[in-house]
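**Q** Next come a sequence and a model predicted from it.
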Amino acid sequence: MNIQFRLDQLPESLTVLAAGMISIFAVIGVIIVATIALNKIFSDDKKTDE
């Protein structure tokens, strides 16, 4: 197995890396928003002060 570091491929690699990380954060954001929305929809508004 021959692994070489090629500087001419670095910009393309960083572009792919950035796209992947942005996609991960977008998916996490969608999951957070969906969780908040579901909590607001299905939460009981009956709060008792005892």
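**A** Arrived safely, thanks for sending. Numbering: from 1, shown residues only.
**Q** what about Met1, how many neighbours?
**A** Summarising burial for Met1: neighbours were counted as other CB atoms under 10 Å, giving 2. The C-beta positions use only the backbone N, C-alpha and C, and glycine is treated the same way.
**Q** so where's the protein shaky on pLDDT?
**A** Residue ranges of the chain with pLDDT under 70: 46-50.
**Q** residue nearest the centroid of it?
**A** By CA atoms, centre = their mean, the mean C-alpha position of the chain lies nearest to Phe25, the distance being 2.2 Å.
**Q** Would you mind measuring from that residue to Asn2?
**A** Counting by CB to CB, to the nearest Å, the gap from Phe25 to Asn2 is 34 Å.
**Q** next one: Val27
**A** Taking CB to CB as the measure, Val27 falls 35 Å from Asn2.
**Q** Equivalent analysis for Ile31, please.
**A** The gap separating Ile31 from Asn2 is 40 Å, by CB to CB.
**Q** what distance separates the host helix or strand of the residue nearest to the centre of the chain from the middle of the whole chain?
**A** Of the helices and strands defined by DSSP states H and E, Phe25 is found in helix 10-42. On the basis of CA atoms, centre = their mean, to the nearest Å, helix 10-42 sits 2 Å off its chain's mean C-alpha point.
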